[in-house]
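*Asks:* This is a predicted model, with the sequence first.
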Amino acid sequence: MKLPEPRGPISSALLGVLAGEPGSAGESLSGLRRLVGGKLAGVTNIIGDDDVQLALFCLYELHYSGLEGVQDEWEWEPGLIQVRQMLEKPFEEALRLAAREAGGDLDLPAGSDLTSDAVADVLFGLAARDTGPSVSRFVAKKASLGQLKEFLIHKSIYQLKEADPHTWAIPRLSGRAKAALVEIQADEYGGGRPDRMHSALFARTMRGLGMDDHYGAYVNAVPAISLAAVNLMSLCGLNRRLRGAITGHLAIYEMTSSQPNRLYGNGFRRHGFDADVTHYFDEHVEADAVHEQIAGRDLAGGLVEAEPGLLDDVIFGATAVMAIDTRLSAHLLESWEHGRSSLRAAVPAAA
């Protein structure tokens, strides 16, 4: 991914450090850690902080496809991992608070009642009571062509690498849960056909609207909440202790996907786009209707049956994604209903 533009002192200093040599950056890393420690003290809304979320996004990106011009050795530089942990801790604390508010009072199974079906029932119950603002209905009935493009820009930050954050969990699971995750991911990656990978289908949708389909092309345009949605996945996927959270995250993703994607497809068809553009959404209508059962019962439920102590983390992952998606949806709809762009900056000419 091309280097993004900094959004404040933390991301600016981080990108400056990454431009240097990993083995001889002790002093600059010490300065970065001092800067992060001082600046974090004044951050009151870390989930919505552009500077912090961009810095985390860049640090996580080192574990995916990397950043243009940044040496691969930075990925496991101990001093840089410390910086990431300094940012992760308050981010996770804020996510847990938001997740508790989104989850409310849940009646969780225990003891002999803690079966995979019982866990799935809790997750399906959470998905059913998701009454946040509906971007899918707006897209289906009202969105202009410009708003459709903005919608794709927000989604592109994750969809162009769809499934990758959840794949980190495969070596951290075993038995029934691992088999379930592999089954879901095999579909996400096209069943061995690169042109059917969901990230490739999304790229085709973007090209159909004359947009740049390179990963990260629009990272400078999206607000902090869009980055936070992806950072949540990376946080849970990269930390083994949060393997329960990443399974809960995926389960809710699948359970709340099928009907919205039907509406998204309808919105694009309303503007005259054909199956070449809507294939991505149409594929998810069918695939996620199957995946939700596997993710709820075999993945999340199977994991909790094997490791009952992970139930709280599964619920955390599920409710955290609901909380973040509600905030992102509110931002989109508030902007569009007031005739404003939902983006923070002008987009490249290709859009």
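*Replies:* Thanks, I have the structure now.

*Asks:* Would you map the helices across the stretch 51-200 of the chain?
*Replies:* Using DSSP state H, counting those that start in this stretch, the helices of the stretch 51-200 of the chain run over 78-103, 116-128, 135-141, 145-159, 164-167, 175-188, 198-208.

*Asks:* which strands and helices sit next to the fifth one?
*Replies:* Read that as helix 164-167. Secondary-structure packing of helix 164-167 (3 or more Cβ pairs under 8 Å, 6 or more residues apart in numbering; DSSP states H and E): helix 175-188, helix 224-238, helix 243-255. Placement of C-beta: from N, CA and C, glycine included.

*Asks:* returning to what we had before: quick one, which of the helices of the stretch 51-200 of the chain gets closest to Leu67.
*Replies:* Counting by Cβ to Cβ, Leu67 lies closest to helix 78-103 out of those; the figure is 12.2 Å.

*Asks:* pLDDT weak spots in the stretch 251-351 of the chain?
*Replies:* The model of the stretch 251-351 of the chain has pLDDT under 70 over residues 346-351.

*Asks:* Val341 and Asp50: what is the separation?
*Replies:* One thing to correct before we go on: residue 341 is Ser, not Val. From Ser341 across to Asp50, the span is 16 Å (Cβ to Cβ, to the nearest Å).

*Asks:* So between those two, which is more surrounded?
*Replies:* When neighbours are counted by other Cβ atoms under 10 Å, Asp50 comes out ahead of the other of Ser341 and Asp50, with 18 against 14.

*Asks:* I figured the more buried one hits Ile10, correct?
*Replies:* No: the pair Asp50 / Ile10 is not scored as a contact, 9.9 Å apart, by Cβ atoms under 8 Å.

*Asks:* Including mean neighbour count and distance to Gly301, could the helices and strands packed on helix 164-167 go into TSV?
*Replies:* Converted to TSV, these look like this (neighbours: other Cβ atoms under 10 Å; distance: least, Cβ to Cβ, whole Å):
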stretch	mean neighbour count	distance to Gly301
helix 175-188	19	8
helix 224-238	24	18
helix 243-255	29	9
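
*Asks:* Can I get the ones you listed in JSON lines including distance to Asp107?
*Replies:* Below are those laid out as JSON lines (distance: least, Cβ to Cβ, whole Å):
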{"stretch": "helix 175-188", "distance to Asp107": "23"}
{"stretch": "helix 224-238", "distance to Asp107": "24"}
{"stretch": "helix 243-255", "distance to Asp107": "16"}
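
*Asks:* that older thread, adding distance to Pro22 and mean pLDDT, write the helices of the stretch 51-200 of the chain out as a markdown table.
*Replies:* Listed next are the helices of the stretch 51-200 of the chain as a markdown table, based on distance: least, Cβ to Cβ, whole Å; pLDDT from 0 to 100:
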| stretch | distance to Pro22 | mean pLDDT |
| --- | --- | --- |
| helix 78-103 | 8 | 96 |
| helix 116-128 | 41 | 94 |
| helix 135-141 | 41 | 97 |
| helix 145-159 | 26 | 98 |
| helix 164-167 | 23 | 98 |
| helix 175-188 | 31 | 97 |
| helix 198-208 | 29 | 98 |
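
*Asks:* Of all those helices, which one is nearest Gly69?
*Replies:* Relative to Gly69, the nearest member of the helices of the stretch 51-200 of the chain by Cβ to Cβ is helix 78-103, separated by 15.7 Å.

*Asks:* Now that closest one: buried residues?
*Replies:* Counting neighbours by 16 or more other Cβ atoms under 10 Å, one finds that the buried residues in helix 78-103 are 79-80, 83-84, 86-88, 90-92, 94-95, 98-100, 102-103.

*Asks:* Mind splitting the protein into its structural domains?
*Replies:* Per automatic domain parsing, the structural domains of the chain span 9-100, 110-337.

*Asks:* residue closest to the middle of the chain?
*Replies:* In the chain, the residue lying closest to the centroid (Cα atoms, centre = their mean) is Val230, at 2.9 Å.

*Asks:* what residues are up against the residue nearest to that residue when sequence neighbours are not counted?
*Replies:* Leaving aside its sequence neighbours, Val230 sits nearest to Tyr158 (Cβ to Cβ, 6 or more residues apart in numbering; 4.8 Å). Residues near Tyr158 by Cβ atoms under 8 Å, 6 or more residues apart in numbering: 165, 229-230, 233.

*Asks:* Could you dump those residues into TSV with distance to Arg137 added?
*Replies:* As requested, the contacts of Tyr158 are arranged in TSV below (distance: Cβ to Cβ, whole Å):
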residue	distance to Arg137
Pro165	27
Ala229	20
Val230	24
Met233	25
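
*Asks:* Widest-spaced pair of those residues?
*Replies:* Pro165 and Ala229 (10.6 Å).

*Asks:* any chance of the domains of the chain in TSV, plus distance to Met1?
*Replies:* Shown next, in TSV, are the domains of the chain (distance: least, Cβ to Cβ, whole Å):
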stretch	distance to Met1
domain 9-100	6
domain 110-337	3
